[in-house]
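**Student:** generate a structure from the sequence data that follows.
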Amino acid sequence: MRKYFLQTQVFTFLTIVTFGTSCNGQVKTNLPKENINQQPKIIRTQGIVSGNVGCELQDKAGNLWFSTSGEGVYRFDGKSFTNFTTKDGLSSNDVNAIIEDRKGNILLGTKSGICRYDGEKFSKYFESDSLSKLVITSLLEDREGNIWLGTMNSGVYRYDGKNLANFLNNDDYKFNLGTHNQLILDILQDKNGNLWFSSWNGGGVWRFDGKTFKNYLPSADYYLRNEDGRSNNKNALPTYLSNLTYSQPSNNISDDMIFSTTEDKLGNLWFATRRHGACRFDGKTFTSFRENEGFVSYGISSILEDKKRNIWLATDKYGVFSYDGKTFKNFTTKDGLINDSVKSILEDKNGNLWFGTRGFGLSRFDGKTFTNFSE
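**Tutor:** Predicted coordinates:
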């Protein structure tokens, strides 16, 4: 479960675009006959100078879907990319999440609500104007078929096909220094059916067992040392710390701003954090992976376990790392990666790893070499 924007980037990619209804504008970047051996590329069509690429989904038909900040979405069939934008009915060219539901629809979370693609056309997922104005940051369909929507300023929603319920919104969370909602950047359902929500505005992570939410936060020491970079308001600290304990780091998650979450084959949960590297949770103990373990602390944006049980971690400055359970190995532009600021990771059915980066970059790694798909 992966996402690809850090704190400042969350707000830069979300640029409002007017809703379009025409379905005649999609651009297919096929290879010219005279350049048949040339690598296909994702071509900018909206004039965005920079922007991020998110590696989101491989659908049931085998197509890969990539989200972007400002250039709509791209579908790759293995030979060519097709670009969909507001001209095709997409509700916004700023797309943050893509999933495929059990009916085979592609659901796209954008700055202007959710859009549904049925294989032929795009349409609004919700008719309500207020829901169409929601900034969607993450999507998940759970085992029961409920659709969960993480949002920018309204917590999380659950939609069962008829009714919509809102959680983690408009509550007085004392530890949030006055923030009354959660910015949810990732949603995961673990092997036991629990749902996990990654908060990006100081809420740590939340676990939902179907009835109640349980919150995981760092120790009080984390805030007293101002490790979050926001606890310099001494008047707020007593209230902020009232529900927290002073304990060993292994008893608490290492950061309260979590970008991405994944579950490995053994059932451990891994969290990509803002300032404290990667954090692993075995259900009882939290283990932090940082400089002392040969990794880095700042800017972990995405995390994934591949089919060979290697953990892959994307960073904002240092490319990607693989972890085999013993050692970390680093891959950067020196190895062929298109950009060292990596925002997302996806493994396809053939075991290739795809990395979406800052600067409109897209790379594929087959285990030996990188192939780049950007202009």
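
**Student:** confidence score at I36?
**Tutor:** Note for I36: predicted pLDDT of 43.

**Student:** so where is the stretch 51-200 of the chain shaky, pLDDT-wise?
**Tutor:** 171-180 (pLDDT under 70).

**Student:** which stretches in it count as helices?
**Tutor:** 129-132 (DSSP state H, counting those that start in this stretch).

**Student:** where exactly do the strands run in it?
**Tutor:** Residue ranges of the strands in the stretch 51-200 of the chain, as given by DSSP state E, counting those that start in this stretch, are 53-58, 64-68, 73-76, 81-84, 95-100, 106-110, 113-117, 122-124, 136-141, 147-151, 156-159, 164-167, 184-189, 195-199.

**Student:** buried ones in the first one, by neighbour count?
**Tutor:** Counting neighbours by 16 or more other C-beta atoms under 10 Å, one finds that the buried residues in strand 53-58 are 53-58. Using the backbone N, CA and C atoms, a C-beta is placed for each residue, glycine as well.

**Student:** re the thing from before, now the strands of the stretch 51-200 of the chain in a markdown table, with distance to G294?
**Tutor:** Below are those laid out as a markdown table (distance: least, C-beta to C-beta, whole Å):
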| stretch | distance to G294 |
| --- | --- |
| strand 53-58 | 25 |
| strand 64-68 | 30 |
| strand 73-76 | 34 |
| strand 81-84 | 36 |
| strand 95-100 | 31 |
| strand 106-110 | 35 |
| strand 113-117 | 40 |
| strand 122-124 | 45 |
| strand 136-141 | 30 |
| strand 147-151 | 32 |
| strand 156-159 | 35 |
| strand 164-167 | 38 |
| strand 184-189 | 25 |
| strand 195-199 | 24 |
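
**Student:** the ones you listed: which one's closest to Q39?
**Tutor:** strand 81-84 (10.9 Å; C-beta to C-beta).

**Student:** what angle do the host helix or strand of S363 and strand 64-68 make?
**Tutor:** According to DSSP states H and E, S363 maps onto strand 361-365. Per axes from the mean of the first three to the mean of the last three C-alpha atoms, to 10 degrees, the angle that strand 361-365 makes with strand 64-68 is 150 degrees.

**Student:** send the alpha carbons of strand 361-365 over as CSV?
**Tutor:** Extracted C-alpha coordinates of strand 361-365, given in CSV (Å, rounded to 0.1, in the frame of the first residue of the first chain):
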residue,chain,number,x,y,z
GLY,A,361,9.6,9.8,-13.8
LEU,A,362,8.8,6.1,-14.3
SER,A,363,11.3,3.2,-14.1
ARG,A,364,10.9,-0.5,-14.2
PHE,A,365,13.4,-2.9,-12.6
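
**Student:** the chain should start at 45 in everything you say after this.
**Tutor:** New numbering, starting at 45: the last item is strand 405-409.

**Student:** for the record, mean pLDDT for the very next helix or strand once past that strand?
**Tutor:** Next in sequence after strand 405-409, counting helices and strands by DSSP H and E, comes strand 414-416. What strand 414-416 shows for mean pLDDT is 97.

**Student:** pull out the buried positions in strand 414-416.
**Tutor:** Buried, per 16+ other C-beta under 10 Å, within strand 414-416: 414, 416.

**Student:** given that strand, what are its sheet partners and their directions?
**Tutor:** Note on strand 414-416: by DSSP bridges, its sheet partners are strand 405-409 (antiparallel).

**Student:** the inter-axis angle of the partner strand versus strand 97-102?
**Tutor:** 50 degrees.

**Student:** show me the contact partners of strand 405-409.
**Tutor:** 86, 97, 99, 110, 375, 380-383, 396-401, 414-418 (C-beta atoms under 8 Å, 6 or more residues apart in numbering).

**Student:** burial check on the spatially closest residue to L151 that is not a sequence neighbour, number of neighbours?
**Tutor:** Spatially, and ignoring its direct neighbours in sequence, L151 is nearest to I143 (5.2 Å; C-beta to C-beta, 6 or more residues apart in numbering). Residues contacting I143 under the criterion other C-beta atoms under 10 Å number 21.

**Student:** same deal with the one 5 residues further on?
**Tutor:** G148 is flanked by 11 other residues according to other C-beta under 10 Å.
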